[in-house]
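Student: What shape does this take:
(chains A and B)
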Amino acid sequence: MNFTEFRLKVRHFIRKYSRLIFIIFVIWATIFFINLMLKNRKDIPKPTTTYNVHTSVIDSNASTPKSMQHPIEEMIEEYIGYCNEGNYQKAFNMLSEDCRKYEFNDNVSNFMEHVLVKMPTPKKYSIQDYSNVKYGDKKLYVYEIKYIDDLLATGLTNSTYAYTSEKLTFYDGEDGLEMGAGNFVYYEDVKNISENEYLKIDVTHKIVNYSIETYEIKFTNRSNYTVVVSDGQEANECILTLPNENRNPSDIVNIVLAPNEEKTVQMVFPKFVDDGDISQSLVFSSIRVMEKYSGVGEEVPVETIQSEIDNAISKFSMEVKIS
Amino acid sequence: MKVKKDNKLLIISIIILIFLIIAVIITKNNSQKEVDYSKMTDEEAQVVVEEQIEEMEKNELGEMGERDRMEHYVSSFVEAIENKEYEDAYEMLYDDFKKNYFPTYSEFEEYAKNKFPSMISLEHTNFERNGDVYVLWANLSNPMGSKDASIEMNFVVRENDLNDFDLSFKVF
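Tutor: Numbering: from 1, shown residues only, chains lettered A, B, ... in the order given. Just a heads-up that it's a prediction; the model follows:
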């Protein structure tokens, strides 16, 4: 092959693959350019911090949507501003209707009492998304608010490091962003009933606070006997069932119904709203229908109590679904 | 048609070439940012050196975790007092704190001279964050003095940016 042939071959090759050569050149040039720019980019150092306001403490992969972050911050600022000014009515009006009604009994004085426990003097505050919980089709954003004196202004002179805190809950309601205070999370009409010939149990509603669930339950004795739902004599007389465990109420509630008596009681169960479990049912496992009931207590002999239980007309268990 | 296609290729090639030239110029400019002190007055050189030290310090702080940074800020304050650079230390204090306890610089100077040991050994003991405010507990002692004479102190720090902070302390 002489030089002319070689030249022609090269020329032929270039002509044939000109498009491919051009594409390779463009790719190479682009990579070269980007690499050059990145190499010369000056990174401005930024302080790293563990303080991520809108990232949930319970689940660090969850955070409040960007569109809600600023409105929530503004709402908290306004709310605490009113509290600091002593303008309790305005702060109270910012709360959701359910929160005003079920947490503070629609009474601004109750709310004021709550605020004065949390912030007896004007306070600075810090906020932190604590947990994001789904309830039905609603997404609830639970924020922890820490109320504290102006530490920077005092340097803790003549004071110790202490703060009060509460959970404020936010959700996107029909009229915009809704807020709950005093650890109130939500209210739900349950209206589930379980009944038999002796007893009717009507769970009317539940109030969910951050760490407790309170159920309002109406018991109706349909018999001419005494019906004992709970008097502390049997184990697990009232339990809240969760998918993997059962919970006893915070306090023993005596539920003893005289013939045809109707009684409404409130039962409080310990349960964190963000523990990942959903309450399933309320179970009353040792209901006794008794012809004779002398009560319980030190003054009543153990033998009498046991004998009355043994001679009960009927013993049964009832369950009311709540989810 | 062929002419049009060739023109297109030519235009794209020219654009790529322009990009490459810009990239080379930027790189050259960045590498030429070495400061020529010989053309500067002493004051100008000092400003440039201070800026460079500040930048280096910021880079160093950027590498640190948040607790280390806060302790560094407290140490800077204590060091300033130890070196009798009271004005620098006073500058680090939060405005409202100054208003509350040291409305004038001379009051702070007098306080610092009388209350802090002449040589200070600083031992950080505890650290807590509340929102964007950090509370630090520390023991201050004179390394030449007795151990019993150590002072337990609180410092409160808020970081606005790297090496930009507000500080206050428990007045004793």
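Student: Tell me, what's the model's pLDDT at B:W137?
Tutor: pLDDT recorded at B:W137 is 96.
Student: So what sits opposite it in the bridge?
Tutor: B:N126, B:N154 (DSSP bridges).
Student: How many neighbouring residues does it have?
Tutor: 17 (other C-beta atoms under 10 Å in any protein chain shown). All C-beta atoms are positioned from the backbone trio N, CA, C, and that covers glycine.
Student: Doesn't A:D43 lie inside a helix?
Tutor: No: under DSSP: H, G, I helix; E, B strand; the rest coil, A:D43 falls outside any helix and is assigned coil.
Student: Can I take it that A:V289 is in a strand?
Tutor: Yes: looking at A:V289 with three-state DSSP, it is inside a strand.
Student: can you give me the helices in chain B?
Tutor: Using DSSP state H, the helices of chain B run over B:2-31, B:42-63, B:66-82, B:86-92, B:95-101, B:105-115.
Student: For the third one, enumerate the helices and strands it packs against.
Tutor: If you count contacts as 3 or more C-beta pairs under 8 Å, 6 or more residues apart in numbering or on different chains; DSSP states H and E, helix B:66-82 packs onto helix B:86-92, strand B:121-130, strand B:133-141, strand B:151-161, strand B:164-169.
Student: returning to what we had before: export the helices of chain B as a markdown table, with columns for distance to A:S211 and mean pLDDT.
Tutor: Converted to a markdown table, the helices of chain B look like this (distance: least, C-beta to C-beta, whole Å; pLDDT from 0 to 100):
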| stretch | distance to A:S211 | mean pLDDT |
| --- | --- | --- |
| helix B:2-31 | 57 | 69 |
| helix B:42-63 | 40 | 85 |
| helix B:66-82 | 30 | 95 |
| helix B:86-92 | 42 | 95 |
| helix B:95-101 | 36 | 96 |
| helix B:105-115 | 45 | 94 |
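Student: Closest to the centroid, which residue in chain B?
Tutor: B:N163 (2.3 Å; C-alpha atoms, centre = their mean).
Student: Could you check the pLDDT of it?
Tutor: On the pLDDT scale, B:N163 gets 91.
Student: Also A:Q306?
Tutor: pLDDT, read off for A:Q306, is 88.
Student: now for the strand or helix carrying it, which elements pack on it?
Tutor: Secondary structure from DSSP states H and E places A:Q306 in helix A:302-310. Contacts defined by 3+ C-beta pairs under 8 Å, 6+ apart place helix A:302-310 against strand A:281-290.
Student: quick revisit: buried deepest among the helices of chain B, which one?
Tutor: Of all the helices of chain B, helix B:66-82 has the most neighbours on average by mean count of other C-beta atoms under 10 Å in any protein chain shown, namely a mean of 19.
Student: Run through the bridge partners of whichever residue of the stretch 51-200 of chain A sits closest to chain B.
Tutor: The stretch 51-200 of chain A approaches chain B most closely through A:S126 (2.3 Å), counting by C-beta to the nearest C-beta. Residues in a beta bridge with A:S126, per DSSP bridges, are A:K146.
Student: Okay, it and B:G62: tell me how far apart.
Tutor: Using C-beta to C-beta, to the nearest Å, we find A:S126 at a distance of 24 Å from B:G62.
Student: quick one on the thing from earlier: quick one, what contacts the residue nearest to the centre of chain B?
Tutor: Each residue near B:N163 by C-beta atoms under 8 Å, 6 or more residues apart in numbering or on different chains is listed here: B:E54, B:E57, B:K58, B:L61.
Student: which among these are in contact with chain A?
Tutor: With the criterion set as C-beta under 8 Å from any C-beta of the partner chain, the members of the contacts of B:N163 near chain A are B:K58, B:L61.
Student: and which of the contacts of B:N163 is nearest chain A?
Tutor: B:K58 (5.6 Å).
Student: ok, now how distant is the nearest residue to that closest one once chain neighbours are set aside from A:P45?
Tutor: The shortest distance from B:K58 to any non-neighbouring residue, by C-beta to C-beta, 6 or more residues apart in numbering or on different chains, is to B:L162 (4.5 Å). B:L162 sits at a distance of 6 Å from A:P45 (criterion: C-beta to C-beta).
Student: close enough to count as contact, A:A153 and B:Y94?
Tutor: Yes: using C-beta atoms under 8 Å, A:A153 makes contact with B:Y94 at a distance of 6.7 Å.
Student: neighbour-wise, which of the two wins?
Tutor: B:Y94 (22 against 19).
Student: re earlier: and for B:L162 and A:P45, which residues touch both?
Tutor: With C-beta under 8 Å, 6+ apart, B:L162 and A:P45 have common neighbours B:K58, B:L61, B:G62.
Student: how many neighbours does the nearest residue to the second one once chain neighbours are set aside have?
Tutor: This points to B:L61. In this structure, B:L61 finds its nearest non-sequential neighbour in B:L162, 4.7 Å apart by C-beta to C-beta, 6+ apart. Residues within reach of B:L162, counting by other C-beta under 10 Å, total 20.
Student: Tell me who's in contact with B:L162.
Tutor: A:P45, A:K46, A:P47, B:K58, B:L61, B:G62, B:R69.
Student: Verify the contact between the fifth one and B:R69 for me.
Tutor: Same thing as B:L61. Yes: at 5.5 Å, B:L61 counts as touching B:R69 under the criterion of C-beta under 8 Å.
Student: shared neighbours, those two?
Tutor: A:P47, B:L162.
Student: The longest helix along chain A near chain B anywhere?
Tutor: Ranked by residue count under DSSP H, the longest helix found in chain A is helix A:18-40. Yes: under the criterion of C-beta under 8 Å from any C-beta, chain B is reached by helix A:18-40 at A:F22, A:F25, A:V26, A:A29, A:T30, A:F32, A:F33, A:L36, A:M37, A:K39, A:N40.
Student: Please render those residues as a markdown table that adds neighbour count, pLDDT and distance to B:Y101 to the earlier fields.
Tutor: Converted to a markdown table, those look like this (neighbours: other C-beta atoms under 10 Å in any protein chain shown; pLDDT from 0 to 100; distance: C-beta to C-beta, whole Å):
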| residue | neighbour count | pLDDT | distance to B:Y101 |
| --- | --- | --- | --- |
| A:F22 | 13 | 81 | 73 |
| A:F25 | 13 | 81 | 69 |
| A:V26 | 15 | 81 | 67 |
| A:A29 | 17 | 80 | 64 |
| A:T30 | 12 | 82 | 61 |
| A:F32 | 14 | 82 | 60 |
| A:F33 | 16 | 78 | 57 |
| A:L36 | 17 | 77 | 54 |
| A:M37 | 14 | 77 | 51 |
| A:K39 | 10 | 77 | 50 |
| A:N40 | 14 | 73 | 48 |
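Student: In chain A, what helix or strand scores lowest on average pLDDT?
Tutor: In chain A, no helix or strand scores lower on mean pLDDT, DSSP states H and E than helix A:18-40, which sits at a mean of 81.
Student: roughly how far is it from the heart of the chain?
Tutor: 53 Å (C-alpha atoms, centre = their mean, to the nearest Å).
Student: Assign the most centrally placed residue in chain A to one of the three secondary structure states.
Tutor: With distances taken as C-alpha atoms, centre = their mean, A:V273 lies nearest the centre of chain A, 3.5 Å away. Secondary structure assignment for A:V273 (three-state DSSP): coil.
Student: Not counting sequence-adjacent ones, nearest residue to it?
Tutor: A:V273 sits nearest to A:V185 (C-beta to C-beta, 6+ apart), 5.1 Å away.
Student: what residues does the strand or helix carrying the one you found touch?
Tutor: In this structure, A:V185 sits in strand A:184-195 according to DSSP H and E. Residues outside strand A:184-195 that contact it (C-beta under 8 Å, 6+ apart): A:98-99, A:101-103, A:133, A:135, A:138, A:140, A:142, A:167, A:169, A:171, A:180, A:200-210, A:215, A:222, A:273, A:318-322.
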